[in-house]
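Undergrad: Generate coordinates for the sequence data below:
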Amino acid sequence: MRLTADTEANVKRLNDSEMLSVRMIDLSPSGCALVCDAPFAPGDQLEVGISSPSERIAPLVCNGRVVRVDRNGDHHVVGIEFTADAS
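TA: Purely as a prediction, here's the structure:
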């Protein structure tokens, strides 16, 4: 089951220190979909950070891998599958 979302998130490739701001458009227990300008490729390993709306709740930070990339105009819709080493 996927939940529709419209929130900012941050991603970075696990082998890179550059953090990119993206838009998360849906979320499920096993993954999420992001809209971004950056060209990711299937198999890319990412760290995904999703801010919490409350200061009392820590942000969600987990690792995942790109399983799908679709072009939508000037943007890319990136499907992420969370990996077992998520924290």
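
Undergrad: And the pLDDT for the residue lying farthest from the centre of the chain?
TA: Ranked by distance from the centre of the chain (C-alpha atoms, centre = their mean), the top residue is residue 56, with 22.1 Å. Model confidence at residue 56, given as pLDDT, is 92.

Undergrad: Could you do residue 12 as well?
TA: In this model, residue 12 carries a pLDDT of 94.

Undergrad: Residue ranges in this protein under the pLDDT threshold?
TA: 85-87 (pLDDT under 70).

Undergrad: Residue 55 and residue 49: what is the separation?
TA: 16 Å (C-beta to C-beta, to the nearest Å). The C-beta positions use only the backbone N, C-alpha and C, and glycine is treated the same way.

Undergrad: More neighbours: the two, which one.
TA: Using other C-beta atoms under 10 Å as the criterion, residue 55 and residue 49 rank with residue 49 on top: 16 against 6.

Undergrad: Which residue is the nearest non-sequential neighbour of that one?
TA: Closest residue in space to residue 49, ignoring its immediate chain neighbours: residue 10 at 4.3 Å, by C-beta to C-beta, 6 or more residues apart in numbering.

Undergrad: What is the helix or strand hosting the one you found packed up against?
TA: Residue 10 belongs to strand 3-13 when assigned by DSSP states H and E. Using 3 or more C-beta pairs under 8 Å, 6 or more residues apart in numbering; DSSP states H and E, the elements in contact with strand 3-13 are strand 20-28, strand 31-36, strand 45-50.

Undergrad: ok, the longest one: who's next to it in the sheet?
TA: In this case it means strand 20-28. strand 3-13 (antiparallel), strand 31-36 (antiparallel) (DSSP bridges).

Undergrad: List the contacts of the closest residue to residue 3 other than its chain neighbours.
TA: Excluding its sequence neighbours, the residue lying closest to residue 3 (C-beta to C-beta, 6+ apart) is residue 27, at 5.3 Å. Residues near residue 27 by C-beta atoms under 8 Å, 6 or more residues apart in numbering: 2, 3, 5, 50.

Undergrad: I'm done for today, thanks for sticking with me.
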